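Enquirer: Everything below, folded, please.
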Amino acid sequence: MAATAILARQIGALATKGGGGWYGPHMAAASRAIAERLPLVDLVLEIRDARIPLSSEYEQLRNYPSSSRRIIVMNKMDLANRSQIKEWKRYFEQQNCISYGVNSHNKENIKELLNFLLARVRELKRTNDFNYTAVIMLIGIPNVGKSALANSLHQIGSTNFIVHDVRRTLFETISSFDGNVQVGEDLSRLIEAELTALREAFQVPVELGEEAQNKVAAKLLNLYRTGRLGHYTLDSLPWHT
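Expert: Next comes the predicted model:
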């Protein structure tokens, strides 16, 4: 077992260094920049390879105090042994480190990570009493999947924020409507007001003119079709007389 562990660590070291020579002047400059910015961020996500969670450690964070502000994210967990990931989570918990396993190519997994991060941010805001936008630093050595994870977080996160804005806009527009939807003229007025308000939520340029409404309508229909607006049944039960 000891020999296997040593061999695994050596393979991990080779995999993370990519054959050596990766720590050049640009990496030294990046390390200095990271050191300067670390005190300014609210959360630090240290990305590691779930197959080599020890060998892929970012050494600059080795002496970083374990706290609720640091999260070890074990990426590529779909390529690792799941039972071993559980063992590593227990290990990090014993070291007073928060850890999380993720597959950066799985949308549902990314959504779960986003919800986890939002919960951490809310907890930080509650305990530290701040109301500004939280700053999160994503950090890690080469080849652990930082770019893939960052892109997935951005893509899924942006969509979630847009859906939230769309829901809020629809609610506010309908709540402030003083007409009668049973009247054709009033219903048309409500639809016009909703499309106009949603243009900003969907970030559709005003310069498009009438085409802007078509784009807004298409985006709204897409959200409904894919179920991201919520669970709605549009047809009413027919009343039998």
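Enquirer: you'd agree D78 is up against S104?
Expert: No - under the criterion of Cβ atoms under 8 Å, D78 is not in contact with S104, lying 9.3 Å apart. Glycine gets a C-beta too; all of them are placed from N, C-alpha and C.
Enquirer: Which of these two has more residues huddled nearby?
Expert: The neighbour count for D78 versus S104, taken as other Cβ atoms under 10 Å, is higher for S104 (23 against 14).
Enquirer: check contacts around the more buried one.
Expert: S104 is in contact with 75-76, 110, 145, 148-149, 151-152, counting by Cβ atoms under 8 Å, 6 or more residues apart in numbering.
Enquirer: and the gap between it and E36?
Expert: Going from S104 to E36 by Cβ to Cβ, to the nearest Å gives 27 Å.
Enquirer: Helices along the protein, start to end?
Expert: Along the chain, counting by DSSP state H, helices occupy 2-17, 25-37, 82-94, 107-128, 146-175, 184-201, 210-225.
Enquirer: looking at those, which is closest to L43?
Expert: The closest of those to L43 is helix 107-128. By Cβ to Cβ, the value is 6.3 Å.
Enquirer: what angle sits between that closest one and helix 146-175?
Expert: If you take axes from the mean of the first three to the mean of the last three Cα atoms, to 10 degrees, helix 107-128 sits at 80 degrees to helix 146-175.
Enquirer: For helix 107-128, buried residues please.
Expert: By 16 or more other Cβ atoms under 10 Å, the buried positions in helix 107-128 come out as 109-111, 113, 117, 120-121, 124.
Enquirer: quick one: low-confidence ranges for this structure?
Expert: For the chain, the stretches with pLDDT under 70 are 1-27, 65-67, 129-133, 157-158, 240-241.
Enquirer: domain parsing for it?
Expert: As given by automatic domain parsing, the domain ranges for the chain are 2-16+26-144, 159-225.
Enquirer: In CSV, list those along with distance to L234.
Expert: Listed next are those as CSV, based on distance: least, Cβ to Cβ, whole Å:
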stretch, distance to L234
domain 2-16+26-144, 26
domain 159-225, 9
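Enquirer: what residues are up against V204?
Expert: V204 neighbours (Cβ under 8 Å, 6+ apart): 212, 215-216, 219.
Enquirer: which of these sit farthest apart?
Expert: The span of these, defined through Cβ to Cβ, is set by A212 and K219 at 10.7 Å.
Enquirer: residues near S99, how many?
Expert: S99 has 21 neighbours, counted by other Cβ under 10 Å.
Enquirer: before we move on, what about the one 3 residues further on?
Expert: Per other Cβ under 10 Å, the neighbour tally for V102 reads 24.
Enquirer: these two touch, right, it and K111?
Expert: No - using Cβ under 8 Å, V102 makes no contact with K111, being 10.7 Å away.
Enquirer: Could you double-check that I71 sits in contact with L43?
Expert: Yes - the pair I71 / L43 is scored as a contact, 6.6 Å apart, by Cβ under 8 Å.
Enquirer: Adding distance to F161, write the buried residues of helix 107-128 out as CSV.
Expert: Supplementary listing: these in CSV, determined by distance: Cβ to Cβ, whole Å:
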residue, distance to F161
N109, 19
I110, 14
K111, 13
L113, 15
L117, 13
R120, 17
V121, 14
L124, 19
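Enquirer: Return the closest of these with respect to A134.
Expert: Comparing the buried residues of helix 107-128 against A134 with Cβ to Cβ places V121 closest, at 4.6 Å.
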